[in-house]
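*Asks:* need the 3D shape of this:
(4 chains)
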Protein chains: 2
Amino acid sequence: MATDDLMTRALEALGDDGPLSVEAIHRLADLGDLPEAMTIAEVADLLDISPHTLRYYERAGLVEVARDGSGHRVYDAAAVRRLVFLTRMRLSGMPMRDLRHYISLVDAGGHTVPQRLDVLVEHRDTIRRRIRELTLSLTAVEYKIATYGGSTGPDVQDLGTTTATDRTPPRRALPAE
Amino acid sequence: MATDDLMTRALEALGDDGPLSVEAIHRLADLGDLPEAMTIAEVADLLDISPHTLRYYERAGLVEVARDGSGHRVYDAAAVRRLVFLTRMRLSGMPMRDLRHYISLVDAGGHTVPQRLDVLVEHRDTIRRRIRELTLSLTAVEYKIATYGGSTGPDVQDLGTTTATDRTPPRRALPAE
DNA sequence: GCTTGTGTTCGAGCGCGCTCGAAGACATAG
DNA sequence: CTATGTCTTCGAGCGCGCTCGAACACAAGC
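*Replies:* Residues are numbered from 1 along each chain as shown, chains lettered A, B, ... in the order given. From the prediction side, this is the model:
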């Protein structure tokens, strides 16, 4: 569970809204030393997305990519860094529409920094909300797994996972067997 | 922040893979006393989804719903409980396809309980994975917000949020400004 | 009787984010 | 010279999960 370890360390570095450990982030998000120029296949491998998707992002106006003499795409380090950002944001659930907006702000110049921060803060809150929702769902699913009896009625077959203070009448948290 | 309080309490009840507090779940997931029969509008209100979606779920084979003399849907308590389950699972990201599979197992009889548990366990793991991904994204976005300078170069404008042990050279975790 | 409100069925359409395939341009290997 | 491989552009298609609208059926109130 190396991934979990990484995660755990990242979480330890993060108090609720508190300061972050730059170290931890660097361990997690370090881009390494990017080559000056990469082909579409190399970038696709790096980001674990398809060349089709890379072209799609370019068509969507999220990156500009130069061409070589044969018309092939040449991704410079800046383009790759932007694509790393974009794919991270996509993975975290930011819709293409918002990404387009954000990039348009970036391309508009430095005076849009406050607006970019607004976008980021809003997205941060969206992620937090989503994590809360998923944690709630997770609790419910774990409960259902723990108490699953397979019965059709309203009864809970208590498998000894309840606390001593359980005094509410048995009732299924997630019905429909 | 009443929602957060609820969340916090739910999380307190949940050790890593440990036993759950039935109480907490009941507080979170209590269905209340369901009426014997509900109209589509009432169920839609209860679940905060549209009547259109309810009909869609029925068409998808996820619930069977009786009709009254006028051909209107009558949702009994069992149907509503199932729909509560279904909407919870949808919210947690389970695809319709898996839900259809699960429901087909339920309708196939009690001997499918082990397979249902397989589905639930797999979904539980999916939720956990997703939470981990989102937590990682959250950390990165928070870092980017904290260090945002609006510059175009590779420099990080350190806003004093780093730890004393920070000894790595500044580098952006999330580029593309 | 007419209007309003709430429901019905059916099939089509939509927004999202890719994903694919066709047709062609080059570069290199044999 | 040909074959292979990697790329190009373009537009179409797809899977998902709804979402909507048209046309109709009742029931209650005026």
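*Asks:* tally of neighbours for A:Met89?
*Replies:* The number of residues packed near A:Met89 is 24, by other CB atoms under 10 Å in any protein chain shown. The way it works is simple: take the backbone N, C-alpha and C, and place the C-beta from them, glycine included.
*Asks:* what's near enough to touch the closest residue to A:Ile127 other than its chain neighbours?
*Replies:* Closest residue to A:Ile127 apart from its sequence neighbours, by CB to CB, 6 or more residues apart in numbering or on different chains: B:Leu138 at 4.7 Å. Going by CB atoms under 8 Å, 6 or more residues apart in numbering or on different chains, B:Leu138 touches A:92, A:124, A:127-128, A:131.
*Asks:* top of the residues you listed by neighbour count?
*Replies:* Result: A:Ile127 is most packed of the contacts of B:Leu138 (other CB under 10 Å), 23 neighbours.
*Asks:* could you pick out the longest strand of chain A?
*Replies:* Using DSSP state E to define each element, chain A has its longest strand at strand A:73-76.
*Asks:* give the buried residues for the host helix or strand of the residue nearest to A:Ile127.
*Replies:* Here B:Leu138, judged by DSSP states H and E, is contained in helix B:113-147. The neighbour-count check on helix B:113-147 (16 or more other CB atoms under 10 Å in any protein chain shown) flags B:113, B:116, B:119-120, B:123-124, B:126-128, B:130-147 as buried.
*Asks:* now do it against helix A:113-147, angle only.
*Replies:* Counting by axes from the mean of the first three to the mean of the last three CA atoms, to 10 degrees, helix B:113-147 lies at 160 degrees to helix A:113-147.
*Asks:* near DNA strand C, anything from helix B:113-147?
*Replies:* No - for helix B:113-147, no contact with DNA strand C is found by CB under 7 Å from any atom of the strand; the gap never falls below 14.2 Å.
*Asks:* what's the separation between the residue lying closest to A:Val65 once chain neighbours are set aside and chain B?
*Replies:* Using CB to CB, 6+ apart and skipping the chain neighbours, the partner closest in space to A:Val65 is A:Arg73 (4.7 Å). Distance, A:Arg73 to chain B, by CB to the nearest CB, to the nearest Å: 17 Å.
*Asks:* OK, contacts around A:Arg73?
*Replies:* Residues in contact with A:Arg73 (CB under 8 Å, 6+ apart) are A:39-40, A:54, A:58, A:65-67.
*Asks:* right, and out of those, which lies closest to B:Pro35?
*Replies:* A:Leu54 (53.7 Å; CB to CB).
*Asks:* what separation do you get for the closest one and A:Arg82?
*Replies:* 12 Å (CB to CB, to the nearest Å).
*Asks:* repeat for A:Arg100
*Replies:* Look at A:Arg100 and A:Arg82: by CB to CB, they are 13 Å apart.
*Asks:* what's the strand or helix carrying A:Thr53 in contact with?
*Replies:* Assigned by DSSP H and E, A:Thr53 belongs to helix A:51-59. For helix A:51-59, the external contacting residues (CB under 8 Å, 6+ apart) are A:40-41, A:43-44, A:47, A:63-65, A:73, A:83, A:86.
*Asks:* and the helix or strand that that helix is followed by, is it in reach of DNA strand C?
*Replies:* Next along the chain after helix A:51-59, taking DSSP H and E as the criterion, comes strand A:66-67. No - Strand A:66-67 lies out of reach of DNA strand C by CB under 7 Å from any atom of the strand, never closer than 11.1 Å.
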